[in-house]
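Colleague: My questions concern the predicted model and sequence given below.
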Amino acid sequence: MMTTNPILEEIHATRQKLLADHNGDAHAYVEAARKRAPESGRRIVYPKQRTDKALTSRVRTNGTE
């Protein structure tokens, strides 16, 4: 018997509604959110992109950090 989790059910229902509002297109939802973001008045942070070098420089040759 599988138990239900009301929090997860709410998250899934919200995701379905948001996607339905954009005809199931996740990319359209993200673009709409990006356009709305500056209007929120909240500070928007754009982290620097990691480069391959930055990702691999932390890994030693034996596979440990």
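Modeller: Structure's in. What do you need? Residues are numbered from 1 along each chain as shown.
Colleague: what helix or strand is Gly23 on?
Modeller: That one is not Gly; residue 23 is Asn. Asn23 is part of no helix or strand when elements are defined by DSSP states H and E.
Colleague: do the same with Lys17
Modeller: Secondary structure assigned from DSSP H and E places Lys17 in helix 6-20.
Colleague: Helix 6-20 and the following helix or strand past that helix, what's the angle between them?
Modeller: If you walk from helix 6-20 toward the C-terminus, the next helix or strand you reach (DSSP H and E) is helix 26-36. For helix 26-36 and helix 6-20, the angle between their directions (axes from the mean of the first three to the mean of the last three C-alpha atoms, to 10 degrees) works out to 90 degrees.
Colleague: ok so, going back, can you give me the buried ones in the helix holding Lys17?
Modeller: The neighbour-count check on helix 6-20 (16 or more other C-beta atoms under 10 Å) flags nothing as buried. (Glycine included, C-beta is placed from N, CA and C.)
Colleague: I figured Tyr29 hits Gln16, correct?
Modeller: No. Using C-beta atoms under 8 Å, Tyr29 and Gln16 do not qualify as a contacting pair, with a distance of 11.6 Å.
Colleague: Quick one: residues in contact with the helix holding Lys17.
Modeller: 25-26, 29 (C-beta atoms under 8 Å, 6 or more residues apart in numbering).
Colleague: again, only this time at 7 Å
Modeller: Helix 6-20 is contacted by residues 26, 29 when judged by C-beta atoms under 7 Å, 6 or more residues apart in numbering.
Colleague: Quick check: mean pLDDT of that helix?
Modeller: In this model, helix 6-20 has an average pLDDT of 95.
Colleague: likewise stretch 43-54?
Modeller: Per-residue pLDDT values over stretch 43-54 give a mean of 77.
Colleague: got the CA coordinates for stretch 38-55 in PDB?
Modeller: Taking C-alpha atoms only, stretch 38-55 is exported to PDB below (Å, rounded to 0.1, in the frame of the first residue of the first chain):
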ATOM      1  CA  PRO A  38      12.000  42.200 -12.900                       C
ATOM      2  CA  GLU A  39       8.400  43.400 -12.100                       C
ATOM      3  CA  SER A  40       8.500  41.500  -8.800                       C
ATOM      4  CA  GLY A  41      10.800  44.100  -7.200                       C
ATOM      5  CA  ARG A  42      13.000  41.400  -5.800                       C
ATOM      6  CA  ARG A  43      16.700  41.300  -6.200                       C
ATOM      7  CA  ILE A  44      17.600  38.900  -9.100                       C
ATOM      8  CA  VAL A  45      20.900  37.100  -8.800                       C
ATOM      9  CA  TYR A  46      22.600  35.600 -11.900                       C
ATOM     10  CA  PRO A  47      25.400  33.300 -10.700                       C
ATOM     11  CA  LYS A  48      28.500  33.000 -12.900                       C
ATOM     12  CA  GLN A  49      28.500  30.000 -15.200                       C
ATOM     13  CA  ARG A  50      31.000  27.300 -14.200                       C
ATOM     14  CA  THR A  51      33.500  26.300 -16.800                       C
ATOM     15  CA  ASP A  52      34.700  22.800 -17.500                       C
ATOM     16  CA  LYS A  53      38.000  23.800 -16.000                       C
ATOM     17  CA  ALA A  54      36.400  24.900 -12.800                       C
ATOM     18  CA  LEU A  55      34.500  21.700 -12.500                       C
END
